[in-house]
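Undergrad: everything below, folded, please.
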Amino acid sequence: MKKLVFTLVVLLMTCSAPIFAQSGRQRGTTPRSAEDMVESQWQRIASEAMLSSEQTKNLADTYKAYRNELRELIPQRNDSAQNAKPSDEEIKANTLKSFSNERKRIDIQEKYFKEFCKTLTPRQASLIINQRGGFQGGAPGREMPRGDRSTYMQRGNYRQ
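TA: Predicted coordinates for the structure are as follows:
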């Protein structure tokens, strides 16, 4: 009898674990707008950079303008073009465009770094500029370390 009860408890716990693991958006809620996401990201960054409430208010518009300029550089997806095999000319044009966008992104970051440095320390401004979240993908501060491949080869996890 004890084995049956124990088995049922384990089965119940195993089946209910995925329910508790999904603590994200609640069902029936509307997705947040891009402005709301930028605002919440700014609040998080401001607290990480230990900005005063006055600095947070004064630089909020500057940060929003910075993120909007970066957002304009993101290429629009063309799902029909993704499925088709691109020609060499399209590949060349897309690659050159990505180089151009990368230069623009660096120029935007430099411009806003100087803008943030007018009010903040260079360390705080760097923290704001180097965030990797939101529109650039990835969670901020949670990037995988980029070690060399030899560590994977030693463990046998890397196939050549």
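Undergrad: what about the helices in this structure?
TA: 2-21, 34-48, 53-72, 79-83, 88-117, 122-129, 150-155 (DSSP state H).
Undergrad: what's the angle between the longest one and helix 122-129?
TA: In other words, helix 88-117. Angle of helix 88-117 versus helix 122-129, following axes from the mean of the first three to the mean of the last three C-alpha atoms, to 10 degrees, is 140 degrees.
Undergrad: helix 88-117 - what's its average pLDDT?
TA: The pLDDT scores in helix 88-117 average 93.
Undergrad: and that helix, what does it pack against?
TA: helix 53-72, helix 122-129 (3 or more C-beta pairs under 8 Å, 6 or more residues apart in numbering; DSSP states H and E). To be clear about C-beta, it is placed using only N, CA and C from the backbone, and glycine gets the same treatment.
Undergrad: how about the helices of the chain in CSV, adding mean neighbour count?
TA: Below are the helices of the chain laid out as CSV (neighbours: other C-beta atoms under 10 Å):
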stretch, mean neighbour count
helix 2-21, 9
helix 34-48, 15
helix 53-72, 15
helix 79-83, 8
helix 88-117, 13
helix 122-129, 16
helix 150-155, 10
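Undergrad: which stretches of this protein aren't confidently modelled?
TA: 15, 17-29, 77-83, 132-160 (pLDDT under 70).
Undergrad: one more time with 90
TA: 1-40, 46-53, 71-87, 130-160 (pLDDT under 90).
Undergrad: report how many residues lie close to the nearest residue to Lys97 once chain neighbours are set aside.
TA: Of all residues not flanking Lys97 in the chain, Pro75 sits nearest, at 7.4 Å (C-beta to C-beta, 6 or more residues apart in numbering). Neighbours of Pro75 under the rule other C-beta atoms under 10 Å: 9.
Undergrad: Pro75 and Ser98, how far apart?
TA: 8 Å (C-beta to C-beta, to the nearest Å).
Undergrad: repeat that for Asp107.
TA: From Asp107 to Ser98 the distance is 15 Å (C-beta to C-beta).
Undergrad: with Pro86 instead?
TA: From Pro86 to Ser98 the distance is 13 Å (C-beta to C-beta).
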